[in-house]
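Enquirer: Pasted the sequence and its predicted model underneath.
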Amino acid sequence: MKRYEPPEGWVVQAYRFALDPSDVQVLGLRRNSGAARFVYNYMLGRVSAVKAQRAAEASYGVAEADLTPWQGWSLPELRRTWNEIKQWVAPWWAQCSKEAFNTGLANLSAALGNWHASRAGARKGRRMGFPRVKKKQGRRSVRFTTGAIRVEADYRHVVLPRLGRIRTHESTRKLARRVRAGTATILSATVTETAGRWFCSFQVAVGRTVGRPAHAPKAGLVVGVDAGIRHLAVLCTGEMVPNPAPLKAALNKLGKAQRRAARRVGPYDPATGRKQAPSHRWQRAQHAVARLHATVCAVRADSWHQLTTRLAQQFTTIVVEDLHVAGMMRNRKLARSLTDAAPATLRRHLGYKTGWYGSTLYVADRWYPSSKTCSACQTVKPKLSLAERMFHCTMCGLSLDRDVNAARNLAALVRHVDLELPGDAKTGRGAYVRPARPASAGGAAGREASRPVQPVNVARQQATANHESRLLTER
């Protein structure tokens, strides 16, 4: 399916509102989300059966031309097949919106397409496995793209196809005013259930005027931001944004809730190895665990949104690091803390918010030694352990917090790039980016521990060598 491209001066963003549906509307939401799950599982089973049949026929020596025809997994082919068999497979199909079935078929088409691209080597990342069936206890979701989709003028109701008018838990004023003014167009609406609560997310094309809001104070031109674990982010100005660590704060409650849920009778009997009807207390215990996880996620997201919005509004140029979070997660001692801090969120949020507010985002090279480089004299330490929280320079005597030192080095990188380049630009180690030389520390050397080749470093190294030669001569 062709992706929607907004016109010039417009961007696509989401508005998410919590819903307060009635009991009848909850049944309708569950019916439509269940229909999306059903069609996904049924057509996935059909594709799997054809795949297994072809493999069996090929093992018997059947010619390629005589094998069972493939069940195509593009969205038009899946939709065509479903419309032919839905009368016998799902005689209740008329009770649900057509968008419910389209949601399941679109998700299946995307999953099978990603699996095939991963096998063919056309998709980056880890090798994907074959899609699995969706469980009944999983996340409920349904997407509406056609029909009556709007927000009401009273700022308290939304209208969805086949579901009608649903009250919202919060005001929809921000979106309703934009739609009324003609600066926003609703493209689709996705209804999801999270921890027992229903949310409606509107995908909206918004005409934005790129610029700094009038209420946003101007803090400066350039800021280097170093994301971490102990602090959510450290700025080159010396400001340290505290990390709320919501998962760490909720670990005790989560442990008690999960132990309580483990003592309940669930949907699976380990003694007989069969499925069974879960108890009502098991369901309530599962909802309690889900609510705690939802609270942790909400606190973390709110912290990052407040920080990134402030940075994009107050500063003209923002420099961040290209962190390899997946590689950092392999350290089992830091994995939980990294997950709790979610440092990759910084670059993802700034990637689109800088475009909204007219600022510029620069991403430093992944191998740039920002923590090991002295922000005063540019001396690069060959080794700096994580336990050393203070940076001490042996050349100039600078003593500074290592995160503040790294943020200052990141801010200094923009002096070597063209500040008129908009968007997410990659920066190297300086004006002259060359392959790194091995450091003189033997086994401690590496790409990150190497000394960048820059004219200022060459002059400083020559002066140091002359000074050492004079000392040897005097001796």
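Expert: Received, thanks.
Enquirer: Could you list the domains of this protein?
Expert: What automatic domain parsing lists as the domains of the chain is 10-20+140-207, 28-120, 220-241+292-466.
Enquirer: which outside residues touch stretch 308-319?
Expert: 212-213, 216-225, 345-346, 349-350, 353-354, 356-357, 359-364, 410-411, 413-414, 419, 427 (Cβ atoms under 8 Å, 6 or more residues apart in numbering). Where you see a C-beta, it was placed from the backbone N, CA and C, and this is true even at glycine.
Enquirer: In ChimeraX, how would I select the buried members of those?
Expert: Remark: buried members of the contacts of stretch 308-319, expressed as a ChimeraX selection using 16 or more other Cβ atoms under 10 Å:
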select :212,222,223,224,225,345,346,349,350,353,354,356,357,359,360,361,362,363,364,410,411,413,414,427
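Enquirer: Looking at the contacts of stretch 308-319, which are in helices?
Expert: Judged by DSSP state H, helices contain the following of the contacts of stretch 308-319: 345-346, 349-350, 353-354, 356-357, 410-411.
Enquirer: I'd like the residues you listed laid out as CSV, including distance to R173 and pLDDT.
Expert: Listed next are these as CSV, based on distance: Cβ to Cβ, whole Å; pLDDT from 0 to 100:
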residue, distance to R173, pLDDT
T345, 27, 92
L346, 29, 92
H349, 23, 93
L350, 27, 93
K353, 21, 92
T354, 26, 91
W356, 19, 88
Y357, 21, 88
L410, 39, 90
A411, 38, 89
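Enquirer: ranges for the strands of the stretch 301-450 of the chain?
Expert: 315-321, 360-364, 390-392, 399-401, 424-427 (DSSP state E, counting those that start in this stretch).
Enquirer: roughly how far out does the first one sit from the chain middle?
Expert: In other words, strand 315-321. 20 Å (Cα atoms, centre = their mean, to the nearest Å).
Enquirer: Please export the C-alpha coordinates of it as PDB.
Expert: Extracted in PDB, the C-alpha atoms of strand 315-321 (Å, rounded to 0.1, in the frame of the first residue of the first chain):
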ATOM      1  CA  PHE A 315      17.800  26.000  21.600                       C
ATOM      2  CA  THR A 316      18.600  26.600  17.900                       C
ATOM      3  CA  THR A 317      21.100  23.700  17.500                       C
ATOM      4  CA  ILE A 318      21.000  20.400  19.500                       C
ATOM      5  CA  VAL A 319      23.800  17.800  19.300                       C
ATOM      6  CA  VAL A 320      23.300  14.300  20.500                       C
ATOM      7  CA  GLU A 321      25.100  11.000  20.300                       C
END
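Enquirer: Direction included, what does that strand pair up with?
Expert: strand 220-227 (parallel), strand 360-364 (parallel) (DSSP bridges).
Enquirer: and the nearest residue to A216 once chain neighbours are set aside, how far is that from A214?
Expert: Spatially, and ignoring its direct neighbours in sequence, A216 is nearest to Q313 (3.7 Å; Cβ to Cβ, 6 or more residues apart in numbering). Separation of Q313 from A214 (Cβ to Cβ, to the nearest Å) stands at 10 Å.
Enquirer: neighbour-wise, which of these two wins?
Expert: Legend: neighbour count by other Cβ atoms under 10 Å for Q313 and A214, higher for Q313 (20 against 5).
Enquirer: Show the residue spans covered by the helices in this structure.
Expert: Going by DSSP H, the chain shows helices at 23-59, 75-89, 98-120, 173-181, 246-249, 251-262, 280-314, 325-328, 335-341, 344-357, 402-412, 455-474.
Enquirer: Comparing these by mean pLDDT, which bottoms out?
Expert: For those, mean pLDDT drops lowest on helix 455-474, to a mean of 45.
Enquirer: how close does K124 get to L163?
Expert: 38 Å.
Enquirer: Between the two, which has more neighbouring residues?
Expert: With neighbours defined as other Cβ under 10 Å, K124 and L163 compare such that L163 has more, 21 against 7.
Enquirer: and that one, what does it touch?
Expert: With Cβ under 8 Å, 6+ apart, L163 has these contacts: 25, 28-29, 32, 97.
Enquirer: and N405, how far is that from T237?
Expert: Taking Cβ to Cβ as the measure, N405 falls 13 Å from T237.
Enquirer: Those two: who's more crowded?
Expert: N405 (25 against 15).
Enquirer: So for that one, what's the nearest residue that isn't a sequence neighbour?
Expert: Going by Cβ to Cβ, 6+ apart, N405 has F391 as its nearest residue, at 4.5 Å.
Enquirer: likewise R127?
Expert: Once flanking residues are discounted, R127 sits nearest to S118: 5.5 Å by Cβ to Cβ, 6+ apart.
Enquirer: so that neighbour touches M128, yeah?
Expert: Yes. When contacts are counted by Cβ atoms under 8 Å, S118 is listed as touching M128 (3.9 Å).
Enquirer: Between those two, which contacts overlap?
Expert: Contacts common to S118 and M128, judged by Cβ under 8 Å, 6+ apart, are absent.
Enquirer: since we're on E64, how many residues are nearby?
Expert: The burial count for E64: 8, using other Cβ under 10 Å.
Enquirer: can you pull out the strands in the stretch 101-250 of the chain?
Expert: Using DSSP E, counting those that start in this stretch, strands in the stretch 101-250 of the chain cover 141-144, 150-151, 157-160, 164-167, 184-194, 197-207, 220-227, 231-235, 240-242.
Enquirer: Where among those strands is average confidence lowest?
Expert: When the strands of the stretch 101-250 of the chain are compared by mean pLDDT, strand 220-227 comes last with a mean of 88.
Enquirer: Does G104 touch A36 like I think?
Expert: Yes. Contact criterion Cβ under 8 Å: G104 and A36 qualify, at 4.0 Å.
Enquirer: Pull up the overlap in contacts between those two.
Expert: With Cβ under 8 Å, 6+ apart as the test, G104 and A36 reach no residue in common.
Enquirer: JSON lines for the domains of the chain, including distance to P270?
Expert: Output for the domains of the chain, formatted as JSON lines (distance: least, Cβ to Cβ, whole Å):
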{"stretch": "domain 10-20+140-207", "distance to P270": "26"}
{"stretch": "domain 28-120", "distance to P270": "25"}
{"stretch": "domain 220-241+292-466", "distance to P270": "24"}
